[in-house]
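> I need the structure of the sequence given here:
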Amino acid sequence: MTESASRTDPRDMVKRYAILAYGALGTMFDVGLMVLGSLLVGLAIAVLLAGFDLVNVVQELSTGGMLASALVLAIVGLFCLGVASEGPLGRGRKLVGFQLWEVGIGRTVAVFLVGFGALLVYGMISGFLGDVPEPLHKGADGLRAVAISGMVVMPLIGVPLSLLVRWAPNAPPWLDKAETPVLFVVWAIATMAIFA
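This next block holds a predicted model:
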């Protein structure tokens, strides 16, 4: 009787699921920041190349405007990558001791919340982008693409694939480290498909 009572102690369950929520939300937030940061840095490079007339990706914008836009996009993108590297993902936090279904539900809820939060941020900043150069509008559209792919594609494809990697029986040792890259690759591909 005492053993079963200690197993179902509400405080222990709350603590256990708080750890799961922190780990899942932190991981998905960091992966989302990595995707957004990579997209913004790539966009900054493209705008910078357009500023030097090496490629033509932006319509009718002065060289100074392109260079300033590239600088803003690069700073925001590198900031996102820096925050992601310092978060739970950068510290190598893993969800150890949880059942596969618990990790799946935690990650699904977390990625939906991260996508929804990114959509709210997009809604707030889109009102302030009236007269800014076109590349900054594209950067905001990138945030929207990250949000939509996080809410739609990741729960359907990204999270199940990461769980498959986590579950894989008789897997080679390197596959244990492929869980986060799977999440990143799926989210990045989905974001680029929506962004294009």
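> buried sites along the helix or strand that Glu102 is a member of?
Per DSSP states H and E, Glu102 falls inside helix 100-126. For helix 100-126, a neighbour-count test (16 or more other C-beta atoms under 10 Å) marks 103-104, 106-115, 118-119, 122 as buried. Bear in mind the C-beta positions are built from the backbone N, C-alpha and C, glycine included.
> tell me what it is packed against?
Packed against helix 100-126, as judged by 3 or more C-beta pairs under 8 Å, 6 or more residues apart in numbering; DSSP states H and E, are the following elements: helix 10-51, helix 134-153, helix 159-167.
> tell me the angle the shortest one makes with helix 100-126.
Using axes from the mean of the first three to the mean of the last three C-alpha atoms, to 10 degrees, the direction of helix 159-167 lies 140 degrees away from that of helix 100-126.
> where does the protein have low pLDDT?
1-8, 51-61, 88-94 (pLDDT under 70).
> and the residue nearest the centre of it?
Nearest to the mean C-alpha position of the chain, counting by C-alpha atoms, centre = their mean, stands Gly32 at 0.7 Å.
> how near is that residue to Ser62?
Separation of Gly32 from Ser62 (C-beta to C-beta, to the nearest Å): 33 Å.
> over to Leu119?
Per C-beta to C-beta, Leu119 is found 32 Å from Ser62.
> tell me what angle the helix holding Glu102 forms with helix 10-51.
50 degrees.
> what about Arg166, neighbour count?
By other C-beta atoms under 10 Å, 18 other residues sit near Arg166.
> revised request: answer the last question for Asp131.
5.
> phi, psi of it?
Listed backbone geometry of Asp131 is phi -110, psi 20, with angles given as degrees, to the nearest 10.
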